[in-house]
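Asks: Generate a structure from the sequence data that follows.
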Amino acid sequence: MSEGRRRRLAPSLLSADFADLASAVRAGEAAGADAFHLDVMDGHFVPNLSFGPALVQAVRARTRLPLDIHLMISHPARYARAFAKAGGSTLVFHLEAEDEPEEVLRAVRHEGVEVGAALKPGTPFDRVVPHLANLDQVLVMSVEPGFSGQTFLPAALPKLRQARAALDEIGSKADLSIDGGVTVETAPLAAREGATFFVCGNSVFVGGDVAGNLARLRAAVAEGTPREVR
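Replies: Coordinates of the predicted model:
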């Protein structure tokens, strides 16, 4: 496994209490979160609506942690500037979106922030291979994007394995991210396949014990010894 980046946990604010997001951010930060993940949905690329630049800006005003912006939208290149200016640290777009990947990469790089590419469960890993050298993150979806609280799809594991091998082969220090159904049971499985960035929603915020939940998730991630060094 590449030693370029340590394993990090990013609570997903889609699972937090929308009426009290400031408290959710404070709790996550106090509990040792490494970043926050914000899902941006347009009601077209996925059948749901969620956060826009104004919400990202409000979260940025309340934390210095990195903000991982997941653009589940049809034309991500159009919105790169808005989300970067709002405070996004990494903008992650979908390869299945209507914009050409190279167009999105240029648009995000122009704003001076990190860029990632995401793959839906049904999208083969080969789609991202031509762009690997230009990415700061590869996001493997372990649920269908659009809604929180879904069950982890085991088919994500071989895709993680492919991604880990491909990133290591080119010496990339990009994060390998897993998003969807990440729990104390599934996090070690993803860690074992080389994931370095864990998006966790319900498993952090449900029940209100953010500190305890994050601690348990971090311990679970630590249990997943990467295959190549076992």
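Asks: ends of stretch 130-146, how far apart?
Replies: By C-alpha to C-alpha, to the nearest Å, the extent of stretch 130-146 from end to end equals 26 Å.
Asks: likewise stretch 168-175?
Replies: Using C-alpha to C-alpha, the end-to-end distance of stretch 168-175 comes out at 11 Å.
Asks: what about that stretch, distance to the chain center?
Replies: Here the centre of mass of C-alpha atoms in stretch 168-175, compared against the chain's by C-alpha atoms, centre = their mean, to the nearest Å, lies 17 Å away.
Asks: And stretch 211-227, by the same measure?
Replies: 17 Å.
Asks: ok, now stretch 157-165?
Replies: For stretch 157-165 - counting by C-alpha atoms, centre = their mean - the centre lies 16 Å from the chain centre.
Asks: Tabulate the CA atom coordinates of that stretch in CSV.
Replies: Once side chains and other backbone atoms are set aside, the C-alpha atoms of stretch 157-165 remain, and they are given as CSV (Å, rounded to 0.1, in the frame of the first residue of the first chain):
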residue,chain,number,x,y,z
LEU,A,157,-14.1,-4.4,-2.6
PRO,A,158,-12.6,-5.8,-5.8
LYS,A,159,-12.8,-2.3,-7.3
LEU,A,160,-10.9,-0.9,-4.4
ARG,A,161,-8.3,-3.6,-4.9
GLN,A,162,-7.9,-2.7,-8.6
ALA,A,163,-7.6,1.0,-7.7
ARG,A,164,-5.0,0.4,-5.0
ALA,A,165,-2.9,-1.7,-7.3
